[in-house]
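**Student:** 3D model of this:
(one chain, ligands or ions: 1)
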Amino acid sequence: MAVLKIAKLGNPVLRKIAAPVDPADIRTPPFQRFIDDMFDTMYDAEGIGLAAPQVSRSQQVVVMECPGESGFPKTVLINPTILYYGPNQVESWEGCLSIDGLRGKVTRPSMVRVKGLDRYGAPVDFEATGLYAVCIQHELDHLIGKLFLDRMTDLSTLTQLEEFDHYWRKETAAVI
Ligand code: NI
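**Tutor:** Numbers count the residues shown, from 1 in each chain. Now for the predicted structure:
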């Protein structure tokens, strides 16, 4: 169990295309430990999602968990692909563990169907809606070198944390 160092905005690893994981590696103790370390790092930073490039490992692994949010199970996705985007869009506040102190509104499809491998290498294929769908899209963006800032169509909503808490305190932001 270890808390890993989080790569911050400006670190080139956040802009790289992450490599697929060799399925033969998934069940090995070092890889399983890495997944546990990713969860520990995410909990320590109080986020609900973390992608491996955010801990300077350019591989297609993401972890997500949001206790108390219905329809949002604890999730590990390896080598994920989005198969389908729903027709409706949803706008929500996002933050990122690699971008300190900023929140911004991002519009994304409200539903996605995603496939990949779970933490034991078993295939998964499921649909997600709500915060879970937003989190999946944010995390998968990290695997192609994209940050939520790149997805903002209106930079005028970009907000520093103190101002967010002051002016938008009734709203919540997903920190992923
Ligand atoms: Ni992020």
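**Student:** residues of the protein that sit close to the ion?
**Tutor:** 96, 176 (Cβ under 5 Å from the ion). C-betas here are computed from N, CA, C, even on glycine.
**Student:** show me where the chain has strands.
**Tutor:** 49-51, 61-64, 75-85, 89-96, 99-109, 111-117, 123-129, 159-160, 173-175 (DSSP state E).
**Student:** for Asp22, find the nearest of those.
**Tutor:** Nearest to Asp22 among the strands of the chain is strand 75-85 (9.5 Å), distances taken as Cβ to Cβ.
**Student:** can you pull the buried residues of that closest one?
**Tutor:** The neighbour-count check on strand 75-85 (16 or more other Cβ atoms under 10 Å) flags 75-80, 82 as buried.
**Student:** so which of those is the closest to Tyr132?
**Tutor:** Nearest to Tyr132, judged by Cβ to Cβ, of those is Thr75 at 8.0 Å.
**Student:** beta partners for the nearest residue to that closest one once chain neighbours are set aside?
**Tutor:** Distances taken as Cβ to Cβ, 6 or more residues apart in numbering put Met64 closest to Thr75, at 4.5 Å, once the chain neighbours are dropped. Beta-bridge partners of Met64, counted by DSSP bridges, are Gly49, Thr75.
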